[in-house]
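# take a look and give me a structure for this.
(one chain, ligands or ions: 1)
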Amino acid sequence: MTKKVKTAVVGCGMISNIYIKNLKNLFSVIDLAAVADINRSVAEEKAAAYGVDRVMTVDEVAASPDIELAVNLTPAFAHYGVIKKMLEAGKHVWTEKVMAADLEEARELCALADRKGLYLGVAPDTVLGAGIQTARRALDTGMIGDVTSGLAVINRDQSLNAEVFTFLRGRGGSLPYDVGVYYIGALLCLLGPVRSVKAFGTPAPVHEPRFLFRNAGEKPWQIPGSSVLSASLRFECGALVSVLFDGSTVNASRHALTLFGTRGVLEVGDPDTFGGQNTLIYADQKECVLPFTHGYDGKNTLDPTPFDYYGHRGVGAAEMAYAIRRGRPNRCGKEYGLHCLEVLEGMERSASTGETAELDTRFVMKPLAPGYYSGFMGGSARADAEFSLME
Ligand SMILES: NC(=O)c1ccc[n+]([C@@H]2O[C@H](COP(=O)([O-])OP(=O)(O)OC[C@H]3O[C@@H](n4cnc5c(N)ncnc54)[C@H](O)[C@@H]3O)[C@@H](O)[C@H]2O)c1
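Residues are numbered from 1 along each chain as shown. Okay, the predicted model is just below:
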C-alpha cells in the first residue's frame, strides 16, 4: 500500500468543484485534508458541499506540518505568489495552468523547487487522459510513421468570455495562454520539445461590456498579449506544426489537432477534454476511430454533478503523488510546464520582434502504461486506471 499524500486545495472557484470531487473520491493515493481560499466563505461552501474536514487560510496551509501537497487552483495572475509561498514552506505543489503568467517568474519557481528538492507539477493534465494517451500510443507504435507536420487550431470570443470569467481580463487570460495551452500541451506530449518558433500576432480588441445587467458601470478592458497568434513550430523530432489561436472571433469553436505522417494521418480529439476520439486515416482505406488504450476518459460516473463536464482533472496531481512516494519524475512536471510557457512566450516574442524565437528549455514525458481503464460493467464500478499512474 502506498502511503497517502496529505493534500490541501488552494483556490475554491469554478474548477475546484471537479478537482475536490475527484481528489476526494477517485485517487486512493490522495488524502484531501483541507481547502483554502482568500475568501474564506467560498472555501467553507466547498468543504460543506464535498465533505472536506478542514477549512484553512492560505497561511495555515503553508504552516501546517502535516500538509505535504498544495493543489493551486487560483487564477493565473495569482499563481506565482501562491506557488512561491508553498514551496518556501516546504510543500510540493500541483498548479493549474499556466505555471505563472510570466516566463521569468516560472523559471524562478522551477529553480526554487529544485533548491528545495520539491515536486512542482503543472496542468494541463488532459494529456494524461484516454484521448491523448491513445494518440501517443498510436504514434509510439508507428501507426502513422514519422510525423512530418501538423495543424492546431482553436477559436473563441475571449473578450466576451472575460465578462463572465473576470480573471481572463488579467495576465495569462488571453486565448493562447488560457486555451491554446491545451493544444501546446498535447503537441508536447505527442511530439516532444519544440526547438524554434516563428509567429505573427494581433492584440485583443478594447472590449465594451455587453452584459450590462451583470456589469453595469464597468469600464472597457483589453486582455493583455496577443489575442490572435499564427505560428509555425519546429519540433526537435523534425515535425513542422502550424498553430492558429484566434480569441477575437466568435464562440463557435472549430478546433483541429491533426498530425500528418509518412504512413498516415491522425486526427487527434479535443485536447481540452480527457476523452477526445482519435481518427486514423490511411490512403485508400476507410478511416477509423481508435478505441482507447488507456483510462481516464473524462466520464465521471460517481454521483453526477453539473461540473462533471470537466472530466478527470486532478489525475496529474495523483500521478505526481505516486512520483513523490516512489522518488521518480512526474509526467506533467515543472519542465513540461515551463516548456509550455516558453512555447507560448516564444510565439509572443516572435510576433513582436519579427525574429524566430529559439527555445532553450527541454522536458521528457513518458507515456502512461496502456491497458488500464477507469470503469467497468457499464461504468458502474471503478476499475484499475489508477494502476497506470503508479510507475
Ligand atoms: N474555469 C475553467 O473552465 C477552468 C478550466 C480548467 C482550468 N482552469 C484554471 O483553474 C484556475 C482557476 O480557475 P477558476 O475558473 O476556478 O477561477 P475562479 O476565479 O472561479 O476561482 C479562483 C479562486 O481562487 C481564489 N483566489 C484568488 N487569489 C487567491 C490567492 N492569492 N490565494 C487564495 N485564493 C485565491 C478566488 O477567491 C477564487 O475563489 C485557473 O488557473 C484557470 O486557468 C479553469
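
# helices of the chain, start to end?
Per DSSP state H, the chain carries helices over the ranges 16-25, 40-50, 58-63, 76-88, 103-116, 130-140, 158-164, 175, 181-191, 212-215, 315-326, 334-353.

# now do the fifth one against helix 334-353, angle only.
By that I understand helix 103-116. Put simply, helix 103-116 runs at 160 degrees to helix 334-353, going by axes from the mean of the first three to the mean of the last three CA atoms, to 10 degrees.

# what average pLDDT does helix 103-116 get?
Per-residue pLDDT values across helix 103-116 average out to 98.

# got the contact list for it?
80, 83-84, 87-88, 90, 93, 98-100, 119-120, 334-335, 337-338, 341-342, 345 (CB atoms under 8 Å, 6 or more residues apart in numbering). In short, each C-beta sits where N, CA and C put it, glycine included.

# against the ligand, how distant is residue 199?
22 Å (CB to the nearest ligand atom, to the nearest Å).

# for the residue in the chain that the ligand sits nearest to, give me its contacts.
Relative to the ligand, the nearest point of the chain is residue 13 (1.7 Å; CB to the nearest ligand atom). Going by CB under 8 Å, 6+ apart, residue 13 touches 37, 42, 73, 74, 75.

# do you know which of the helices of the chain lies nearest residue 4?
Nearest to residue 4 among these is helix 315-326; the distance by CB to CB comes to 7.9 Å.

# give me the neighbour count for the nearest residue to residue 332 once chain neighbours are set aside.
Leaving out its chain neighbours, the residue that sits closest to residue 332 by CB to CB, 6 or more residues apart in numbering is residue 316, at 4.2 Å. The number of residues packed near residue 316 is 29, by other CB atoms under 10 Å.

# isn't residue 316 up against residue 123?
Yes: in this structure, residue 316 is within contact of residue 123 by CB atoms under 8 Å, at 6.0 Å.

# ok, the residue nearest to residue 332 to residue 266 distance?
If you measure residue 316 against residue 266 using CB to CB, to the nearest Å, the figure is 23 Å.

# show the pLDDT at the residue nearest the centre of the chain.
The centre of the chain sits closest to residue 124, judged by CA atoms, centre = their mean, with a distance of 1.1 Å. Per-residue pLDDT puts residue 124 at 98.

# go on, residue 372?
Residue 372 carries a pLDDT score of 89 in this model.

# how many neighbouring residues does it have?
By other CB under 10 Å, 18 other residues sit near residue 372.

# show me which residues of the protein are close to the ligand?
Residues of the chain lying close to the ligand (CB under 6 Å from any ligand atom) are 10-16, 37-39, 42, 58, 73-76, 78, 81-82, 96-97, 167, 178.

# just the buried residues from those, in PyMOL please.
Buried residues among the residues of the chain next to the ligand (16 or more other CB atoms under 10 Å), as a PyMOL selection:
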select buried, resi 10+11+12+15+16+37+42+58+73+74+75+76+78+82+96+97+167+178
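
# hmm, back to that, could you flag which of the contacts of helix 103-116 are buried?
The neighbour count (16+ other CB under 10 Å) marks 80, 83-84, 87, 93, 98-100, 119-120, 334-335, 337-338, 341-342, 345 as buried among the contacts of helix 103-116.

# can you pull the contacts of the nearest residue to residue 312 once chain neighbours are set aside?
In space, residue 312 comes closest to residue 296 once its chain neighbours are excluded; the distance is 4.3 Å by CB to CB, 6+ apart. Residues in contact with residue 296 (CB under 8 Å, 6+ apart) are 128, 129, 130, 133, 274, 311, 312, 315, 374, 385.

# from memory the last one sits against residue 371, does it?
No: with contact defined as CB under 8 Å, residue 385 does not count as touching residue 371 (10.0 Å).

# comparing those two, which shows the higher neighbour count?
residue 385 (22 against 12).

# where does the protein dip in pLDDT?
Where the chain drops to pLDDT under 70, the residues are 212-215, 376-383.

# one step back: what's the separation between the residue nearest to the centre of the chain and residue 105?
Distance, residue 124 to residue 105, by CB to CB: 19 Å.

# how about residue 64?
Plainly put, residue 64 is 25 Å away from residue 105 if you go by CB to CB.

# do residue 122 as well
Residue 122 is 13 Å from residue 105, by CB to CB.

# check residue 352 too.
Distance from residue 352 to residue 105, by CB to CB: 19 Å.

# comparing the two, which residue is more hemmed in?
residue 105 (18 against 13).

# report how many residues lie close to residue 164.
Residue 164 has 11 neighbouring residues, counting by other CB under 10 Å.

# number of nearby residues for residue 304?
Residue 304: 8 surrounding residues under other CB under 10 Å.

# nope, residue 94 is what I meant
Residues near residue 94, counting by other CB under 10 Å: 30.

# ok, it to residue 21 distance?
From residue 94 to residue 21 the distance is 16 Å (CB to CB).

# ok so, going back, and the residue nearest to residue 332, what is it in contact with?
With contact set as CB under 8 Å, 6+ apart, residue 316 has these partners: 94, 121, 122, 123, 124, 125, 128, 330, 331, 332.

# residue 364 is in contact with residue 189, correct?
No: contact criterion CB under 8 Å: residue 189 and residue 364 do not qualify, at 11.0 Å.

# between the two, tell me which one has more neighbours.
More crowded of residue 189 and residue 364, by other CB under 10 Å: residue 189, with 24 against 11.

# measure the more buried one to residue 131 for me?
Distance from residue 189 to residue 131, by CB to CB: 11 Å.

# nearest residue to residue 70 in space, please, no chain neighbours.
Take residue 70 and drop its neighbours on the chain: the residue closest to it by CB to CB, 6+ apart is residue 86, 4.2 Å away.

# can you tell me which residues contact that neighbour?
Taking CB under 8 Å, 6+ apart, we find residue 86 in contact with 10, 61, 62, 70, 72, 93.
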